[in-house]
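> Provided below are the primary sequence and the corresponding predicted coordinates.
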Amino acid sequence: MLRMTMVLLGMLLLAGGSVSAVAASTTPPAATVQAQRVHVIVIDKMQFGPMPTDVRAGDILEWTNKDILEHSATAREGSFDIDLKPGASARSVATAGTFAVFCKFHPTMTATLVVK
Ligand SMILES: [Cu+2]
């Protein structure tokens, strides 16, 4: 009976050890976690506001339309096309490249977005 108790105790200890090892391995190392930054781009008075100059791939772009007209943030090569009702905001995830951006409804509204 004592022998059986010792075996069970040993199994419990092994189980406990493996559980804590799993928990430790699922915690990502701090160095691999990179902050996802948010860049706000304001559309106002029929113009795209200043484009952020420090956007990295994976960052969030938040497009905000302050006008009383509907606008869009549309990439000329087609990689994104975001409709923005008056007063609306929408988010997209930046991908690397240089993008000619325009508004579908007012094609004279243009901007250049650079993502590193
Ligand atoms: Cu527009």
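Nice, thanks for sending it over.
> where in this protein is pLDDT low?
Low-confidence segments of the chain (pLDDT under 70): 1-34.
> and the helices in this protein?
2-26 (DSSP state H).
> at the geometric centre of it, which residue sits there?
Centroid-nearest residue in the chain, with CA atoms, centre = their mean: I60, separated by 4.3 Å.
> who does that residue form a beta bridge with?
V38, V93 (DSSP bridges).
> who's in contact with it?
36-39, 91-94 (CB atoms under 8 Å, 6 or more residues apart in numbering). For glycine as for every other residue, the C-beta is placed from the backbone atoms N, C-alpha and C.
> now the residues you listed as TSV including neighbour count?
Listed next are those as TSV, based on neighbours: other CB atoms under 10 Å:
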residue	neighbour count
Q36	11
R37	14
V38	11
H39	18
R91	12
S92	17
V93	12
A94	22
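> of these, which is the nearest to T64?
R91 (9.9 Å; CB to CB).
> would you mind measuring from the closest one to the ion?
According to CB to the ion, to the nearest Å, R91 and the ion sit 19 Å apart.
> next: I82.
In terms of CB to the ion, I82 sits 12 Å off from the ion.
> tally of neighbours for the residue nearest to that residue when sequence neighbours are not counted?
Spatial nearest neighbour of I82, excluding adjacent residues (CB to CB, 6 or more residues apart in numbering): A73 at 4.5 Å. Residue neighbour count, defined by other CB atoms under 10 Å, stands at 26 for A73.
> A73 and S79 touch, don't they?
No. With contacts counted by CB atoms under 8 Å, A73 stays clear of S79, the gap being 11.2 Å.
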